[in-house]
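Colleague: my questions concern the predicted model and sequence given below.
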Amino acid sequence: MKCLILAAGYATRLYPLTENFPKPLLKVGEKTILDWLVDDIDTSGEIDEYVVISNSKYAHHFDEWVKTKPQKITVVDDGTDTNETRLGAVKDIQFAIEKLKLDDDMLVIAGDNVLDFSLTKFVAYAKEKNTSCIMRYFEPEFNKLLKCGVVTVDGNDKVLNMTEKSPNPATNWCCPPFYYYTKSDARLVQKGIESGCGTDAPGSYIAWLCTQTVVHAMEMPGSRYDIGNLESYEKVKAEYKGINK
């Protein structure tokens, strides 16, 4: 299984902190955001390669970070150097698939969130379901629902519908940026793009995919800490206590 880490954004809301430095390598406690994610996922024993998808502005920082890690990690530069020219998450995923000729099951994650639970639980859930999978959590605040992917599920966790940033969210089930693609579904990313799925938000591919095949949604067993701006970063640094296995 490959783990694709989305890290090609420009984090403009965190300027000046990230003006010349990537958000996933900011420190939270004693480790970087990316260290928290990779070190946890690696305990699953399922990942044989991590792929960090970055851009021309920040790739060299990830190259230096890789030297500190024992895992097999490949950094891919998507060739963009400004927020205005970014490819968008879904096109970045396809860019990495094509460049590295990837053909495997894939865990696809945003590289700028920390969690208080182990992602190995999500990997185990996906392997048990043997379908592409996402996670979901109950979001009571309407304004937050407007900014994320929202899913409708049946009693067996099957995704019936998913929308990204809908003005009329159908449920309170919010989808964080952590996904599992089966090998066969990873082969469909280009078809999704050609079929008109959104390409900026990473959940847009899943929104299309669940109209083509079965996707399941695991209820998130803990909390996600999103670092969107300077205020939220300071809050996370003060509150985050690590992963509760």
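Modeller: In hand now; what should we look at?

Colleague: from here on, contacts and neighbour counts on C-alpha atoms
Modeller: Noted.

Colleague: just the strands in this structure please.
Modeller: Taking DSSP state E as the criterion, the chain carries its strands at 2-6, 27-28, 31-32, 49-54, 73-77, 106-110, 113-115, 132-138, 149-153, 159-164, 173-175, 178-181, 215-219, 224-226.

Colleague: buried stuff in stretch 190-201?
Modeller: Neighbour-count burial for stretch 190-201 flags 190, 192, 193, 197, 198, 199, 201 (criterion: 16 or more other CA atoms under 10 Å).

Colleague: pull the residues that contact that stretch.
Modeller: Contacts of stretch 190-201 with the rest of the structure, by CA atoms under 8 Å, 6 or more residues apart in numbering, involve 87, 88, 89, 90, 91, 94, 164, 204, 205, 207, 208, 209.

Colleague: please repeat the previous calculation with a cut-off of 7 Å.
Modeller: Contact with stretch 190-201 is made by 88, 89, 90, 91, 94, 204, 205, 208, as judged by CA atoms under 7 Å, 6 or more residues apart in numbering.

Colleague: the second one contacts residue 202, doesn't it?
Modeller: Yes: using CA atoms under 7 Å, residue 89 and residue 202 qualify as a contacting pair, with a distance of 5.0 Å.

Colleague: helices and strands of the chain: which one has the lowest mean pLDDT?
Modeller: Every helix and strand in the chain was compared by mean pLDDT, DSSP states H and E; the lowest is helix 142-145, with a mean of 85.

Colleague: then that one to CSV, C-alphas only?
Modeller: The C-alpha trace of helix 142-145 is given here as CSV (Å, rounded to 0.1, in the frame of the first residue of the first chain):
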residue,chain,number,x,y,z
PHE,A,142,-23.8,24.9,9.9
ASN,A,143,-21.1,27.4,8.8
LYS,A,144,-18.4,24.7,9.1
LEU,A,145,-20.5,22.3,7.0
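
Colleague: for that helix, list every residue counted as buried.
Modeller: Within helix 142-145, the residues that count as buried by 16+ other CA under 10 Å are residue 145.

Colleague: also stretch 76-91?
Modeller: 76, 77, 78, 80, 81, 86, 87, 88, 89, 90, 91.

Colleague: scan this structure for its longest helix.
Modeller: Across the chain, the helix with the greatest residue count (assigned by DSSP state H) is helix 89-100.

Colleague: may I see the buried residues of stretch 26-43?
Modeller: For stretch 26-43, by 16+ other CA under 10 Å, it's 26, 28, 32, 33, 34, 35, 36, 37, 38, 40, 41, 42.

Colleague: again with stretch 164-173
Modeller: 164, 165, 169, 171, 172, 173.

Colleague: related to what we said a few turns ago, in JSON lines, list the strands of the chain along with mean pLDDT and distance to residue 236.
Modeller: As requested, the strands of the chain are exported to JSON lines (pLDDT from 0 to 100; distance: least, CA to CA, whole Å):
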{"stretch": "strand 2-6", "mean pLDDT": "97", "distance to residue 236": "20"}
{"stretch": "strand 27-28", "mean pLDDT": "95", "distance to residue 236": "7"}
{"stretch": "strand 31-32", "mean pLDDT": "96", "distance to residue 236": "12"}
{"stretch": "strand 49-54", "mean pLDDT": "98", "distance to residue 236": "23"}
{"stretch": "strand 73-77", "mean pLDDT": "98", "distance to residue 236": "26"}
{"stretch": "strand 106-110", "mean pLDDT": "96", "distance to residue 236": "16"}
{"stretch": "strand 113-115", "mean pLDDT": "93", "distance to residue 236": "9"}
{"stretch": "strand 132-138", "mean pLDDT": "96", "distance to residue 236": "19"}
{"stretch": "strand 149-153", "mean pLDDT": "92", "distance to residue 236": "22"}
{"stretch": "strand 159-164", "mean pLDDT": "91", "distance to residue 236": "25"}
{"stretch": "strand 173-175", "mean pLDDT": "93", "distance to residue 236": "20"}
{"stretch": "strand 178-181", "mean pLDDT": "97", "distance to residue 236": "19"}
{"stretch": "strand 215-219", "mean pLDDT": "97", "distance to residue 236": "22"}
{"stretch": "strand 224-226", "mean pLDDT": "88", "distance to residue 236": "7"}
